[in-house]
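# Build me a structure from this.
(2 chains)
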Number of protein chains: 2
Amino acid sequence: MSKEITSRQQDYSQWYNDLVIKGSLADHSAVKGCMVIKPHGFALWEKMRDQLDKMFKDTGHVNAYFALFIPKSFLSKEAAHVEGFAKECAVVTHYRLKNDPLGGGVIVDPEAKLEEELIVRPTSETIIWSTYKNWIKSYRDLPLLINQWANVVRWEMRTRLLLRTTEFLWQEGHTAHATAEEAITETLQMLDIYSEFAEKYMALPVIRGVKSANERFAGAVDTYCIEALMQDGKALQAGTSHFLGQNFAKAFDVKFSDKDNKLEYVWASSWGVSTRLIGALVMAHSDDEGLILPPKIAPLQVVIIPIYKGAEKKDLLEVKGRELAAQLKAAGLSVKFDDNDNNRPGWKFAEYEMKGIPVRIAMGLRDLENNTVEIARRDTREKTSVGMDGLVERVVQLMDTIQQNMYDKALAYRDQHITRADTWEDFEKLLDEKGGFIAAHWDGTSETEEAIKEKTKATIRCIPLNNPREDGKCILTGKPSKERVLFARAY
Amino acid sequence: MSKEITSRQQDYSQWYNDLVIKGSLADHSAVKGCMVIKPHGFALWEKMRDQLDKMFKDTGHVNAYFALFIPKSFLSKEAAHVEGFAKECAVVTHYRLKNDPLGGGVIVDPEAKLEEELIVRPTSETIIWSTYKNWIKSYRDLPLLINQWANVVRWEMRTRLLLRTTEFLWQEGHTAHATAEEAITETLQMLDIYSEFAEKYMALPVIRGVKSANERFAGAVDTYCIEALMQDGKALQAGTSHFLGQNFAKAFDVKFSDKDNKLEYVWASSWGVSTRLIGALVMAHSDDEGLILPPKIAPLQVVIIPIYKGAEKKDLLEVKGRELAAQLKAAGLSVKFDDNDNNRPGWKFAEYEMKGIPVRIAMGLRDLENNTVEIARRDTREKTSVGMDGLVERVVQLMDTIQQNMYDKALAYRDQHITRADTWEDFEKLLDEKGGFIAAHWDGTSETEEAIKEKTKATIRCIPLNNPREDGKCILTGKPSKERVLFARAY
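Numbering: from 1, shown residues only, chains lettered A, B, ... in the order given. Take a look at the predicted model:
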């Protein structure tokens, strides 16, 4: 089965597509640019969602659900927002179909035209702040710490499964505060939660930073982000958290009376991560045999496969296999005992490797005699024959070992791919030959950033938090600079 | 606060609306007919969703996610489906906006017209079966037992919060099988799961039955349902499970090769419940003081409220209150200790009554001296002063008592409101004066059902499963009938 995957070296982009489809994560939908998230991919998303949801709730957030449709006029209310989001989006213009009088199935009923067109939400700041206007009157109503899990639509011309599709799933937090400090603290808290989630659960090291003006969210005062590195040396923005100032409160006239009964505009943050994280997971960890999933978010952690010829000794293996599965489950692991006779063991080995299941345990007849099993780690592909004694503890411990190993490996790769460049020549050469993040000086202007992007396709991924001050000269213009920023080509 | 609610007797419909909005379940959205599910309502939905999801997974189902958009032509592929669903729906015709050259904000870009319009899914049979065509080749691929949690849109002219809105949230299961028997077994299994969920968790007694042809899902061979009774004597369909035969497999050409290598069309079921269940919960149990939520799905089961004047003795109450909250949490209950100084105890009492929290514990200074607390049950509004000894066990047990009492009360009401009618006169009189389900004979024709509906607004809610055979004469036409069916006016 592994032979069906294009290797990374041969064609990284094709390798990614092969993995997503053959690893049963996602598939193309009948509508161009939309995707189907398949059961294995969705189970992975559920693990990620549930963990994030817990972290949100542990920090005092609650979930709610706002509407899918946004009146067109709402998008124009915030000046910067309209430029960023009111362009490529799905527009609902009619609310009824009717039978074609000429017999051609159904047609749009021209009489059922909406007075004002509706936009399928590309993000929900506008619809939510129009609602917050009704919910916020006094300082007693603040803070509002609300999150929404939802589907959103952005009409994309060039799509890639999980990374960039017309419809995707995400969460979007929208908070309202009495002071700027509180909103900024919230913005940074959520950035920390995202980075903790990426590092501890996805085994994905990230750099926390702030975006330059060019890459800022449309309507934000500041956009913070976590940036990860993929195996081809390209960066991927894995989550963003925005300090919105009073921009949306002003656009939707949301004021509160403070303790002194003075009316003030409300301060805001918004923050989100999406199913694109699944794409990041694939590209950061997987190999030419298939997916490699971190144990903490793998929908299935251990698969047990009995090996036999004929049905003769199957019964004994069944008993032992189910016993072991029950013990591992009791220890808190998710386990499947796969005795499906429709497929042979070799097929199953390849299938679970493809799907990235962290640990495979094979049991043959000789194992029964010797009281052993064969354990195979997905991350290193090491196989070890081990005794049944202490097996459960061993497998439980192996989960931590694999999780840590995946993180260490990704971190080592990432750290080897942060390179300083001090001349334009070096900068271009590094981008083309080594990839990764390039720490370089920049004169701080949008024009220079734009010029660098046009010449090299590299963008400023972020200005890292706690960035050391260092005097230098802009890599392109030679103008003075006070700190290095991180450039990369990105997904 | 309770004074703000219209009483049931005064105006049942207004009572319902007051409860939904003041009980913080849902609110109107800026888009006509759409709703916002507020944090308290969404937390309730999460409890319901998580329990249902567990029941689905325990019976071998997995979740996936299909696309929001359906190509218009798909809706015409199944002859009955098109009549039922290709009418009142949201139609996406364009994919881009642009700045109005006349300066009026943004307008739809006429150049960005879609070749084929997209429909926002009203239900997903068509898009899912077009996908199953790629997933199903052989009997080895069957059964497919897939569920999706999603938003759907049906353009409704008359909407009511939670009960009938343009957009709502639901789950839709879509299963594929090798035989008709297997698909029917699945259909009935899911009906059982829905009725178990309604009765055990929502404390809502339901009648399981099959729909008449008039009320059948568009595209189904048979539609099974659970029907509940509201406090105004109207019925509410709380969930449906459809045996789809090979209708969608034929429409989308989905065949599988069986063990003998013969090509056969696949058999199907689909089943769903929605956020309308929250509306059913409100109408079945609540009173004129607010919501009454069953402990098993209440987002918050116990609230502890300290009562004091001035801050003097607050510290002691804080210690005792937090201690009790921790003990109740350790016993598996969800508990909030509300010592917010912004609101007075009386305000809090009304607020938690309004939100339907099953148990309120009040602690005053005298309670501290006497080592007692006051427990108030939301369902009966009984208050009891009890000692601290054994309090945790008492509260845990009270949850079961309340759950059972709510069910018993709803069941008694329901059973008192199933009445037999043998003459047309009685039938009309019962509908107008008593309401509830009326068990009457019917000649089995759609014409008669339609005529009865026109005369009385009552529909056949279902033909109960295991309905006793009984010879009789149709209530309207006098033609012979073999069994009684259940009529009611319905939501």
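# Can you show me the strands along the stretch 1-150 of chain A?
Assignment of strands within the stretch 1-150 of chain A using DSSP state E, counting those that start in this stretch yields the ranges A:26-28, A:35-37, A:62-63, A:69-71, A:91-94, A:97-99, A:106-108, A:113-120, A:144-153.
# Quick one: those strands as a markdown table, columns for mean pLDDT and distance to A:E186 too.
Glycine gets a C-beta too; all of them are placed from N, C-alpha and C. Formatted as a markdown table, these follow (pLDDT from 0 to 100; distance: least, Cβ to Cβ, whole Å):
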| stretch | mean pLDDT | distance to A:E186 |
| --- | --- | --- |
| strand A:26-28 | 96 | 32 |
| strand A:35-37 | 98 | 30 |
| strand A:62-63 | 98 | 14 |
| strand A:69-71 | 96 | 24 |
| strand A:91-94 | 97 | 33 |
| strand A:97-99 | 89 | 44 |
| strand A:106-108 | 91 | 44 |
| strand A:113-120 | 96 | 27 |
| strand A:144-153 | 98 | 8 |
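# can you put the ones you listed in a markdown table and add distance to chain B and mean neighbour count?
Shown next, in a markdown table, are the strands of the stretch 1-150 of chain A (distance: least, Cβ to the nearest Cβ, whole Å; neighbours: other Cβ atoms under 10 Å in any protein chain shown):
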| stretch | distance to chain B | mean neighbour count |
| --- | --- | --- |
| strand A:26-28 | 7 | 20 |
| strand A:35-37 | 4 | 25 |
| strand A:62-63 | 4 | 18 |
| strand A:69-71 | 5 | 25 |
| strand A:91-94 | 4 | 22 |
| strand A:97-99 | 5 | 18 |
| strand A:106-108 | 5 | 18 |
| strand A:113-120 | 6 | 18 |
| strand A:144-153 | 6 | 21 |
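# Please identify which of those is closest to B:Q416.
For B:Q416, the closest of these is strand A:62-63, at 38.5 Å, according to Cβ to Cβ.
# quick one: low-confidence parts of the stretch 251-400 of chain A?
A:311-312 (pLDDT under 70).
# all helices in chain A, in order from the N-terminus.
A:12-22, A:39-58, A:72-75, A:79-85, A:125-135, A:180-196, A:247-251, A:276-285, A:314-330, A:345-355, A:365-370, A:391-416, A:424-433, A:446-456 (DSSP state H).
# Quick one: closest of those to chain B.
helix A:39-58 (4.1 Å; Cβ to the nearest Cβ).
# wait, what's in contact with A:L161?
A:N17, A:V20, A:I21, A:L25, A:A26, A:D27, A:H28, A:M35, A:G279 (Cβ atoms under 8 Å, 6 or more residues apart in numbering or on different chains).
# doesn't A:E116 make contact with A:S73?
Yes. Counting by Cβ atoms under 8 Å, A:S73 does reach A:E116; the two are 6.5 Å apart.
# Can you name the residue of the stretch 301-450 of chain A nearest chain B?
Taking Cβ to the nearest Cβ, the stretch 301-450 of chain A has A:N342 as its residue nearest chain B, at 5.3 Å.
# How about that residue: what's its closest non-neighbour residue?
Closest residue to A:N342 apart from its sequence neighbours, by Cβ to Cβ, 6 or more residues apart in numbering or on different chains: B:R140 at 5.3 Å.
# Specify the residue ranges that define each domain of chain A.
A:2-94+A:120-285, A:302-399, A:418-488 (automatic domain parsing).
# winner for burial among the ones you listed?
Among the domains of chain A, ranked by average contacts under mean count of other Cβ atoms under 10 Å in any protein chain shown, first place goes to domain A:2-94+A:120-285 (a mean of 21).
# Against A:L44, how distant is the most centrally placed residue in chain A?
The residue lying closest to the centre of chain A (Cα atoms, centre = their mean) is A:L277, at 1.6 Å. Distance, A:L277 to A:L44, using Cβ to Cβ, to the nearest Å: 9 Å.
# Equivalent analysis for A:S195, please.
20 Å.
# swap in A:A86?
Counting by Cβ to Cβ - A:A86 and A:L44 are separated by 33 Å.
# repeat for A:L398
Taken as Cβ to Cβ, the span from A:L398 to A:L44 is 20 Å.
# A:G356: what's its closest spatial neighbour, skipping adjacent residues?
Nearest to A:G356 is A:L291, by Cβ to Cβ, 6+ apart, at 3.0 Å.
# Quick check: that neighbour touching A:K22?
No. A:L291 lies out of contact with A:K22 (Cβ under 8 Å); the separation is 9.2 Å.
# any common contacting residues for the two?
Joint contacts of A:L291 and A:K22 (Cβ under 8 Å, 6+ apart) are A:M354.
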